[in-house]
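Enquirer: below is the sequence, then the predicted model.
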Amino acid sequence: AIRGFFQTEPISQLHVGVYAVDLSSGRELFSHNEDKKFIPASNQKILVTAAAMSLFGPQHRFETRVGLMGESHGSFVDGDVLVCGSGDPTLSDRYWTSGSEAMRAIADSLHDRGIRHVGGSLVVDVAAWDSATVGPTWEVEDLRYGYASTGGAFAIDEGEIELIVEAGSTAGEPVDVTWSPVGTTDFVRSELRTALEGGDVGVRADYLPESRAVVLRGEVEVGTVDTVSIAMRDPVRQSVASLSRAIQEAGIELEGGWRVHWPSGDSAREPGIAEEDGPCSRAEPLFSMRSPPMTEIVAGILKPSQNWMTEQVVRALGQSYGAEGSWEEGLGVVEMFLVEEVGVRPSDLYARDGSGLSFYNLITPRAIVRILTEMHNSQSAAAFRDAMPAPGEEGSTLENRLEGLEGYVRAKTGTISNVNSLSGYIVRGTGEEVAFSILSNGSGMPASQVRRAIDEIVRTLAR
């Protein structure tokens, strides 16, 4: 039945790979181009989350440590307040009311310890990670959008800024703009103007690295109030500025303002060596803020297909199991785990990011099924399966797909231009549990059309 799909459009026009294996016996149920490499889109997240769940462990939590550099005398700190960034990917409204609320929690904890005056500065140490925040193979035009937000060792709100734009009452008037989170007050500059109804309207955000500011250009229709989300593009500095603002609003004076402690030296420095005696190793501990466990983080990645969180986890893997918190080190850790521990053939994968936004990623359906099988046999099997989207699940990428298969399918979607994928688990009508991967490239047609064809293959496998 599945082979019949390959003779009809749209599948007949695509480069497609399908592989399905019975998980109890290892019996191959279906194979087509299972050993050919495909661009996986967000199926790439399966690789990263499997590695993170296995290496960190399902109960691992990111820890943001806060301490003092100097002596405290009652309510006065004769020195700096130090925050050690761990790359926590959960400081957003996915786990808090907002990223700003997470910053207020740190500020309130300082206030609860009686601190009212800091003679030095708020210092946030991000030396554990590199400072190159842009995915090396991402398309430049994507960088303005939330799905290509960049991160760092200390960053909030998934690297995004939410803008509220309110047009004037007559054409030509300036547009009022407010944003959240608020870091530096001059970070967003607006050149927006009010336009007549029915005009060519739209908001374009351009990040200017020379001045470290986002400039908004375009027109907003008269009388309109709209919300626009854009990539922050300077996430570490703006997040630190937001924390500084929260501390001062909590009634704590910062005489020296705030600053970021970046990795010292240049790119030729041996990673980690210069920072062995850095601020975080010398500070007097005060308290720590811990993230939810890795099981909840993986669910936060897989169900909505969250790119930014995935890249944070990649770099955290590099920092913990490689030489530094970088894409190169993190992806090296992922590939080494998959090859040496899972048994994926080295020639079956080529990873260039964690989220699947890169068109340079390559993997075979055979490799994805191997990873899914390994996770099925691991101690984290139930947690990993439950972290994947389910048909009809609100807020997940399968919310409006595979109707009638509720309770029978858990699978990760993947979509970028001309790429559609779906891989995961099926419980068949016979009770068999199946791991499957469907990868398609080169569609040149609407994604919805390809998804319907992929879903029919899943329905056939589920019989």
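Expert: Nice, thanks for sending it over.
Enquirer: elements contacting the host helix or strand of Val298?
Expert: Using DSSP states H and E, Val298 sits within helix 294-302. Here helix 294-302 touches helix 44-55, helix 307-321, helix 381-387, going by 3 or more C-beta pairs under 8 Å, 6 or more residues apart in numbering; DSSP states H and E. All C-beta spots, glycine's among them, are computed from the backbone N, C-alpha and C.
Enquirer: make a markdown table from those helices and add distance to Arg65 and mean pLDDT to it.
Expert: Shown next, in a markdown table, are those (distance: least, C-beta to C-beta, whole Å; pLDDT from 0 to 100):
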| stretch | distance to Arg65 | mean pLDDT |
| --- | --- | --- |
| helix 44-55 | 21 | 98 |
| helix 307-321 | 14 | 97 |
| helix 381-387 | 26 | 98 |
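Enquirer: number of residues surrounding the closest residue in space to Pro279 that isn't next to it in sequence?
Expert: Excluding its sequence neighbours, the residue lying closest to Pro279 (C-beta to C-beta, 6 or more residues apart in numbering) is Asp125, at 5.0 Å. Neighbour count for Asp125, taken as other C-beta atoms under 10 Å: 24.
Enquirer: show me which residues of stretch 289-297 are buried.
Expert: Buried residues in stretch 289-297, counted by 16 or more other C-beta atoms under 10 Å: Met289, Ser291, Pro293, Met294, Thr295, Glu296, Ile297.
Enquirer: oh sorry, the question was meant for stretch 68-82
Expert: Residues Leu68, Met69, Gly70, Ser72, Phe76, Val77, Gly79, Asp80, Val81, Leu82 are the ones in stretch 68-82 that count as buried (16+ other C-beta under 10 Å).
Enquirer: with stretch 348-364 instead?
Expert: Buried residues in stretch 348-364 (16+ other C-beta under 10 Å): 348-349, 351-359, 361-364.
Enquirer: what's the answer for stretch 248-258, then?
Expert: Gln248, Ala250, Ile252, Leu254, Trp258.
Enquirer: distance from the helix holding Val298 to the middle of the chain?
Expert: 10 Å (C-alpha atoms, centre = their mean, to the nearest Å).
Enquirer: likewise stretch 361-372?
Expert: 21 Å.
Enquirer: dump it to PDB, keeping only the CA atoms.
Expert: What follows is stretch 361-372, C-alpha atoms only, in PDB (Å, rounded to 0.1, in the frame of the first residue of the first chain):
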ATOM      1  CA  ASN A 361      22.200  18.900   8.100                       C
ATOM      2  CA  LEU A 362      22.000  15.400   6.600                       C
ATOM      3  CA  ILE A 363      20.800  12.100   8.100                       C
ATOM      4  CA  THR A 364      19.300   8.800   6.900                       C
ATOM      5  CA  PRO A 365      15.900   7.400   8.000                       C
ATOM      6  CA  ARG A 366      17.900   4.400   9.100                       C
ATOM      7  CA  ALA A 367      19.800   6.500  11.600                       C
ATOM      8  CA  ILE A 368      16.700   8.200  13.000                       C
ATOM      9  CA  VAL A 369      15.000   4.800  13.600                       C
ATOM     10  CA  ARG A 370      18.200   3.600  15.300                       C
ATOM     11  CA  ILE A 371      18.100   6.500  17.700                       C
ATOM     12  CA  LEU A 372      14.300   6.000  18.400                       C
END
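Enquirer: next up, the contacts around Ser406.
Expert: Just to correct that, residue 406 is Glu rather than Ser. Going by C-beta atoms under 8 Å, 6 or more residues apart in numbering, Glu406 touches Ala390, Pro391, Gly392.
Enquirer: ok, the first one touching Leu398?
Expert: So that's Ala390. Yes: contact criterion C-beta atoms under 8 Å: Ala390 and Leu398 qualify, at 6.0 Å.
Enquirer: these two: who's more crowded?
Expert: In terms of neighbours (other C-beta under 10 Å), Leu398 is the more surrounded of Ala390 and Leu398; the figures are 24 against 20.
Enquirer: is it true that that one touches Tyr408?
Expert: No: Leu398 is beyond contact range of Tyr408, at 11.6 Å (criterion: C-beta under 8 Å).
Enquirer: what touches both of these two?
Expert: Common neighbours of Leu398 and Tyr408, counting by C-beta under 8 Å, 6+ apart, are Pro391.
Enquirer: and Asp353, how far from Gly330?
Expert: Applying C-beta to C-beta, to the nearest Å, the value for Asp353 to Gly330 is 10 Å.
Enquirer: what do you get for Phe30?
Expert: 33 Å.
Enquirer: between those two, tell me which one has more neighbours.
Expert: Between Phe30 and Gly330, counting by other C-beta under 10 Å, Gly330 is the more crowded of the two (30 against 18).
Enquirer: among the buried residues of stretch 289-297, which two are most distant?
Expert: The largest distance within the buried residues of stretch 289-297, taken as C-beta to C-beta, falls between Met289 and Thr295 and amounts to 18.7 Å.
Enquirer: residue ranges with poor pLDDT in this protein?
Expert: By pLDDT under 70, the weakly predicted segments of the chain are 132, 264-277.
Enquirer: which stretches of it form helices?
Expert: Ranges of helices in the chain, per DSSP state H, are 2-5, 44-55, 99-112, 235-249, 279-282, 294-302, 307-321, 327-337, 365-376, 381-387, 447-461.
Enquirer: would you mark the buried spots in stretch 454-463?
Expert: Applying 16+ other C-beta under 10 Å to stretch 454-463 flags Ile454, Asp455, Ile457, Val458, Arg459, Leu461, Ala462 as buried.
Enquirer: also stretch 154-174?
Expert: Buried residues in stretch 154-174 (16+ other C-beta under 10 Å): 154-163, 165, 167-168.
Enquirer: in a markdown table: those, plus distance to Glu221.
Expert: Shown next, in a markdown table, are the buried residues of stretch 154-174 (distance: C-beta to C-beta, whole Å):
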| residue | distance to Glu221 |
| --- | --- |
| Phe154 | 38 |
| Ala155 | 33 |
| Ile156 | 31 |
| Asp157 | 27 |
| Glu158 | 28 |
| Gly159 | 28 |
| Glu160 | 24 |
| Ile161 | 22 |
| Glu162 | 20 |
| Leu163 | 16 |
| Val165 | 10 |
| Ala167 | 6 |
| Gly168 | 11 |
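Enquirer: tell me which of those residues is nearest to Met53?
Expert: Taking C-beta to C-beta as the measure, Met53 lies nearest Glu158 of those, at 20.2 Å.
Enquirer: tell me who's in contact with the closest one.
Expert: Glu158 touches Pro89, Ser92, Arg94, Gly99, Gly146, Ser149, Gln306, Trp308, Met309, counting by C-beta under 8 Å, 6+ apart.
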